[in-house]
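[1] Got a sequence here, can you build the structure:
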Amino acid sequence: MEQLRFFADLGLLFLAALIGGLAAHQLRQPLIVGYLVSGVLISPFTPGPSLSDPEGFRTFAEIGVVLLMFAIGVEFSPRDLFRAGKAAAYGAPVGILLTILLTVPLGLLLGWSLGQGLLIGAIISVASTMVLFKFLLERGELHSAHGRVIVGITLAQDLAVVALTILIPALSQGEAADRLVLLVRSLLLAAAILAPLLWLSRRAVPALLDRVARQRDMELFLLVAMAIAVGTAALTARLGLSLALGAFLGGLVLSESDFAHETLARVLPMRDIFVAVFFVSIGTLIRPSSLLSKWPAVFALVGLVVLGKFAVSAGVVRLLRYPWPTAIMAGLALTQIGEFSYVLAGVGREHGLLTPSLYDAILATSAVTIVLNAFIFRRTPRWIARAVRAAAPAVLPAGAPQDEQVLICGFGRVGQAVANALEHFGIPYTAVDIDPRAVREARGRNAHGVFGDASNETILHHAGASRARMAAVALPGADAARRCLVTLRRLRPDLPILVRAQDPMDRERLLEAGATEVIQPETEAGLTMIRHSLDHLGVDHAEGRHYLDQIRQYWSGAGAGAPP
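    So this is what the prediction gives:
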């Protein structure tokens, strides 16, 4: 009976996530908002169908946090922070500190303790990386000057979240001496864990992943990635630190390896499922009645996030000598709080720093500010957008694939033959392959090489499909070639794509999937043999070419057989 109730609850939860996600998508709002609202609607505190045991899904929510932090660790790159420069180094910490300083006096007016004011200030100082990345991608501004500032600040804020998960437990201790002891202990523990993990990230893990990748079995690859994510999270939790910290460190182990993008591509679908469960389950904990009683706190927090964070963020970016348009765009972008605020709020709730009503107020503030941010940031005044474009045109990050490159999917014998020709004529290319040796071969030729499944959108995006001049799909299997073709066509409807096909029967399927041209090696070999045979037998050159044109057309349309 308990099992049946659990699966009924699970079905209701996924149905609510689907409906909420679809509604948010139709309204052009972040999916997070849809998940939260759908969670409120199926909570025990609202009329209608509800989960019999919302707390029973807490484990699923924890898995969502682990995968979310692991993915951020994999995506995190010190080089991105260095490129952002002073925006990341000074903008993020100063912005967090000023936001906390604004929140503490407001909290004292609302009757919060000093510890609660410090915690809530830290919670609302962190913007949603996931939401902002999506907004910038939609606007084509991810690599613009203000895009780089925003990304740099949010990446540094993500790093700050890791530190805050260590510091928050110290706020719950009664005496100042106890807080100091706990803080020092937590920092020493984190350093003791981080040091061997960084050594592993340089030595043992890349060698292990290389060994697994050579098997070309992505199930094993995913298992290794998940073992690292869950194992490091369990280790830090066992040592008295947070799961989130361990998951982030596990991702960090992989972030600088050649396998980071394939790991991310494999983990993202699982992360998205569990993150949906995470946000819906958070929505089920919100008590609408407590929100009504705590409306002054919600109103004050929304005002602080929208107005206070705009003033702080824009002011800090401007003080760092960025142009006013860039500062205003950064300020507008950072006027929200998101997924990591939930992580920090959860840590504070576990340690007794947040009352249920304050926790509900923070969750409501997040949903409201994300909706407002989507409205404000997507509808930036035109004069600001024009000034931004004039002051700072878009730039590509260092080390990115070049414009006008050719994308070679599959770097075996055929792919390398195409590469030889491109190198002869000085045409740049990027090679994508699931074999790490093939990727190293491409890099040995001074080309851009990407390890991963060429049918995965994340991998193709990293390889520069959005800027490619042409794609050559030289994957050995027809099914793999078709999956790659479909993904490429979804990313770039206008891209010329040449595809290799061994079996003549696959030609029509590949053309229907969007191939510009399908190359059949056996057909080309047969035509070459016919041409040489006719030349040796003295057949008139023009007649021979006419015959070859006819037979090529026949073979391409109907498969091998006698020509009509």
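
[2] quick check: mean pLDDT across the host helix or strand of residue 136?
    Per DSSP states H and E: residue 136 is located in helix 129-139. When pLDDT is averaged along helix 129-139, the result is 67.

[3] What of stretch 308-321?
    Averaged across stretch 308-321, pLDDT comes to 90.

[4] In it, which residues are buried?
    For stretch 308-321, the buried set under the neighbour-count rule, 16 or more other CB atoms under 10 Å, comprises 308, 309, 310, 312, 313, 314, 316, 317, 318, 320. To be clear about C-beta, it is placed using only N, CA and C from the backbone, and glycine gets the same treatment.

[5] just to revisit the earlier point, and the next helix or strand past the helix holding residue 136?
    Heading C-terminal from helix 129-139 (DSSP H and E), you reach helix 145-171.

[6] what distance separates that next one from the middle of the whole chain?
    Between the mean C-alpha location of helix 145-171 and the chain-wide mean there is a distance of 16 Å, by CA atoms, centre = their mean, to the nearest Å.

[7] before we move on, what about stretch 510-526?
    For stretch 510-526, the separation from the chain centroid amounts to 34 Å (computed by CA atoms, centre = their mean).

[8] The helix or strand residue 316 falls within - contacts with which helices or strands?
    Counting by DSSP H and E, the element that carries residue 316 is helix 309-319. Judged by 3 or more CB pairs under 8 Å, 6 or more residues apart in numbering; DSSP states H and E, helix 309-319 is in contact with helix 92-109, helix 324-333.

[9] Let me know which of those is tucked in deepest.
    By mean neighbour count, with neighbours taken as mean count of other CB atoms under 10 Å, helix 324-333 ranks first of the helices and strands packed on helix 309-319 at a mean of 23.

[10] In terms of residue numbering, what are the domains of the protein?
    Residue ranges for the structural domains of the chain, counted by automatic domain parsing, are given in the record as 2-49+59-391, 406-519, 521-564.

[11] Which of those comes out lowest on mean pLDDT?
    Mean pLDDT across the domains of the chain is lowest at domain 521-564; the value there is a mean of 68.

[12] which stretches of the stretch 301-450 of the chain form helices?
    Along the stretch 301-450 of the chain, the stretches classed as helices by DSSP state H, counting those that start in this stretch are 309-319, 324-333, 339-350, 356-378, 382-391, 413-424, 436-444.

[13] what angle separates the second one from helix 356-378?
    In terms of direction (axes from the mean of the first three to the mean of the last three CA atoms, to 10 degrees), helix 324-333 departs from helix 356-378 by 140 degrees.

[14] what angle do helix 324-333 and helix 92-109 make?
    50 degrees.

[15] show me what contacts the residue lying closest to residue 362 once chain neighbours are set aside?
    Using CB to CB, 6 or more residues apart in numbering and skipping residues adjacent in sequence, the residue nearest residue 362 is residue 345, 5.0 Å away. The neighbours of residue 345, taking CB atoms under 8 Å, 6 or more residues apart in numbering as the test, are 123, 354, 359, 362, 363.

[16] Make JSON lines out of the residues you listed and add neighbour count.
    As requested, the contacts of residue 345 are exported to JSON lines (neighbours: other CB atoms under 10 Å):
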{"residue": "123", "neighbour count": "28"}
{"residue": "354", "neighbour count": "24"}
{"residue": "359", "neighbour count": "21"}
{"residue": "362", "neighbour count": "23"}
{"residue": "363", "neighbour count": "24"}
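
[17] hang on, the earlier thing: looking at the helices of the stretch 301-450 of the chain, which is closest to residue 29?
    Proximity to residue 29 (CB to CB) singles out helix 356-378 among the helices of the stretch 301-450 of the chain, at 5.7 Å.

[18] Output the contacting helices and strands for that closest one.
    Using 3+ CB pairs under 8 Å, 6+ apart as the contact criterion, the elements in contact with helix 356-378 are helix 31-41, helix 114-124, helix 129-139, helix 288-293, helix 295-303, helix 324-333, helix 339-350.

[19] could you redo those as JSON lines and give each row distance to residue 22?
    Listed next are the helices and strands packed on helix 356-378 as JSON lines, based on distance: least, CB to CB, whole Å:
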{"stretch": "helix 31-41", "distance to residue 22": "7"}
{"stretch": "helix 114-124", "distance to residue 22": "29"}
{"stretch": "helix 129-139", "distance to residue 22": "17"}
{"stretch": "helix 288-293", "distance to residue 22": "23"}
{"stretch": "helix 295-303", "distance to residue 22": "26"}
{"stretch": "helix 324-333", "distance to residue 22": "26"}
{"stretch": "helix 339-350", "distance to residue 22": "20"}
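
[20] got the contact list for whichever helix or strand residue 482 is part of?
    Secondary structure here is read from DSSP H and E; on that basis residue 482 sits in helix 478-491. Residues from elsewhere that reach helix 478-491, judged by CB under 8 Å, 6+ apart: 407, 409-410, 454-457, 460-461, 465-466, 471, 473, 475, 495, 497, 499-503, 506, 509-510, 513-515.

[21] Recalculate using a threshold of 7 Å.
    409, 454-455, 457, 460, 465-466, 471, 473, 475, 495, 497, 499-503, 506, 509-510, 513-515 (CB atoms under 7 Å, 6 or more residues apart in numbering).

[22] Strands - which of those land there?
    409, 471, 473, 497, 499, 500 (DSSP state E).

[23] Surely the last one and residue 517 touch.
    No: proximity of residue 500 to residue 517 does not meet the contact threshold set by CB atoms under 7 Å, at 10.3 Å.

[24] Those two: which is more packed in?
    Neighbour count, other CB atoms under 10 Å: between residue 500 and residue 517, residue 500 has more, with 23 against 11.

[25] what pairs with that one across the strands?
    Residues in a beta bridge with residue 500, per DSSP bridges, are residue 519.

[26] which residues touch it?
    Contacts of residue 500 were listed using CB under 7 Å, 6+ apart, and they are 414, 473, 474, 481, 519, 521.

[27] redo that, cut-off 10 Å
    410, 412, 414-415, 418, 472-476, 478, 481, 506, 510, 515, 518-521 (CB atoms under 10 Å, 6 or more residues apart in numbering).

[28] Now which of the residues you listed would you call buried?
    By the neighbour-count criterion of 16+ other CB under 10 Å, those include these buried positions: 410, 414-415, 418, 472-475, 478, 481, 506, 510, 515, 518-520.

[29] Mind picking the two most distant members of those residues?
    In terms of CB to CB, the buried ones among the contacts of residue 500 reach their longest pairwise distance at 418 and 506, which sit 19.1 Å apart.

[30] who's in contact with the helix holding residue 316?
    When contacts are taken as CB under 10 Å, 6+ apart, the neighbours of helix 309-319 outside the stretch itself are 86-87, 90-99, 101-102, 124-125, 127, 146, 149-150, 153, 304, 322-324, 326-337, 369, 373, 376.

[31] one more time with 8 Å
    Residues lying outside helix 309-319 but in contact with it, judged by CB under 8 Å, 6+ apart, are 87, 90-91, 94-95, 98-99, 102, 124-125, 127, 149, 153, 324, 326-328, 330-335.

[32] Buried residues, stretch 259-272. List them.
    For stretch 259-272, the buried set under the neighbour-count rule, 16+ other CB under 10 Å, comprises 259-268, 270-272.

[33] Where helices are concerned, which of those count?
    Taking DSSP state H as the definition of helices, the buried residues of stretch 259-272 contribute 260, 261, 262, 263, 264, 265, 266, 267, 268, 270, 271, 272.

[34] now the residues you listed as JSON lines including distance to residue 110?
    Listed next are these as JSON lines, based on distance: CB to CB, whole Å:
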{"residue": "260", "distance to residue 110": "44"}
{"residue": "261", "distance to residue 110": "45"}
{"residue": "262", "distance to residue 110": "48"}
{"residue": "263", "distance to residue 110": "44"}
{"residue": "264", "distance to residue 110": "41"}
{"residue": "265", "distance to residue 110": "45"}
{"residue": "266", "distance to residue 110": "45"}
{"residue": "267", "distance to residue 110": "40"}
{"residue": "268", "distance to residue 110": "39"}
{"residue": "270", "distance to residue 110": "40"}
{"residue": "271", "distance to residue 110": "35"}
{"residue": "272", "distance to residue 110": "36"}
